[in-house]
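Participant: below are the sequence and a predicted model for it; my questions follow.
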Amino acid sequence: MTAIGHTRLVLCGLALAGCAGSGGAIYEFRPTETPLQYEVSDSSVFLIQSPMGEQRFVDSVRAVVAIEIGQGDTVSHPVSAVFESLDLWSGGDSPEQHFFAGDLVGKPFHGTLSPTGSIAVDETPEISDQLREIADPITLFSELLAPLPPDRTGTAEPWPHRTSYSVDAPMATEASYDGTAHFAGDTTWNGRPARIILSEGLTTVTARGTPAAAPGEVEFTYTGRSTTRYVWDPERGVMLASNAIMKTEGQLELIGMQMVMPISYDGTREVVLRR
């Protein structure tokens, strides 16, 4: 999870499913027979330690997203995602505002899915600048799929989990996650046997631009630890839920004023399969 100054990145979970095979556990992405519907809850707190005191920005996102995975090959699968609802709240030290992104509801995002869960988006509907300033839906595809083992087995050994993305507006931003994933035990989910995949690593974000309400051009960098717990159904090959926590620190510079201020960003995200 990451933030772009006052820009908030929508964090919603994308997951994958398919029909069960002829036997044994499934640790690979397969085509969906019907869309998977996920409910997403995301919250973040962004703090700026300015000479005038602490400035606090609090954002939250509630969304329902439907995911479809198409027939692919050993290299990738086509993927599409459609928001069935998307609501955002922005507040903190300023009065809370509610945004309903109805212009995106029902409009598909298209991309490709790699065997290890990374999605590259190559086709999107038009996204307003106002929405990008609060929560950019494009970024949700880069980090949030369950990171499955490259050998497609229930291996006991950790494997690399790396993702990255870049966006041009409203700020030029580069973000990366560099970590490892591993199976962290068995559990049950609504009575179904499941396995836990735990991913832990370092998130780094750098950005430069002029966000709304800023006195001029700003540049910031922050970095910190991210941990995500995924619940995977090995019988059906589908992600049942995920929970992510990120804590970061960094600095923000007002370019024209040559002023540097400490910043921090803490975020949480929960994703649950509804059907």
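Facilitator: Perfect, I can see it now.
Participant: and Glu28, how far is that from Val231?
Facilitator: Taking CB to CB, to the nearest Å as the criterion, Glu28 is separated from Val231 by 17 Å. (Glycine included, C-beta is placed from N, CA and C.)
Participant: which one of the two has more residues nearby?
Facilitator: The neighbour comparison of Glu28 against Val231 (other CB atoms under 10 Å) goes to Val231, with 23 against 18.
Participant: can I assume Ser44 sits in a helix?
Facilitator: No - with DSSP: H, G, I helix; E, B strand; the rest coil as the criterion, Ser44 is strand rather than part of a helix.
Participant: so where is the stretch 51-200 of the chain shaky, pLDDT-wise?
Facilitator: Flagging of the stretch 51-200 of the chain using pLDDT under 70 yields the residue ranges 134-135, 141-144.
Participant: okay, helices next: where are they in it?
Facilitator: Using DSSP state H, counting those that start in this stretch, the helices of the stretch 51-200 of the chain run over residues 129-134, 140-143.
Participant: ok, Leu240 - contacts?
Facilitator: With contact taken as CB atoms under 8 Å, 6 or more residues apart in numbering, Leu240 is in contact with Trp189, Asn190, Arg192, Ala194, Val231, Trp232, Asp233, Val272, Leu273.
Participant: mind listing the strands the host helix or strand of it pairs with, and their directions?
Facilitator: Assessed by DSSP states H and E, Leu240 sits inside strand 238-254. The strands beside strand 238-254 in its sheet (DSSP bridges) come out as strand 218-233 (antiparallel), strand 259-273 (antiparallel).
Participant: which of the contacts of Leu240 lies closest to Asp59?
Facilitator: Val272 (20.0 Å; CB to CB).
Participant: burial check on the closest one, number of neighbours?
Facilitator: Val272 is surrounded by 16 other residues when neighbours are defined as other CB under 10 Å.
Participant: in the protein, which spans are strands?
Facilitator: In the chain, the strands defined using DSSP state E lie at 3-4, 7-8, 36-50, 53-69, 77-92, 97-100, 108-113, 119-123, 159-167, 171-189, 192-209, 218-233, 238-254, 259-273.
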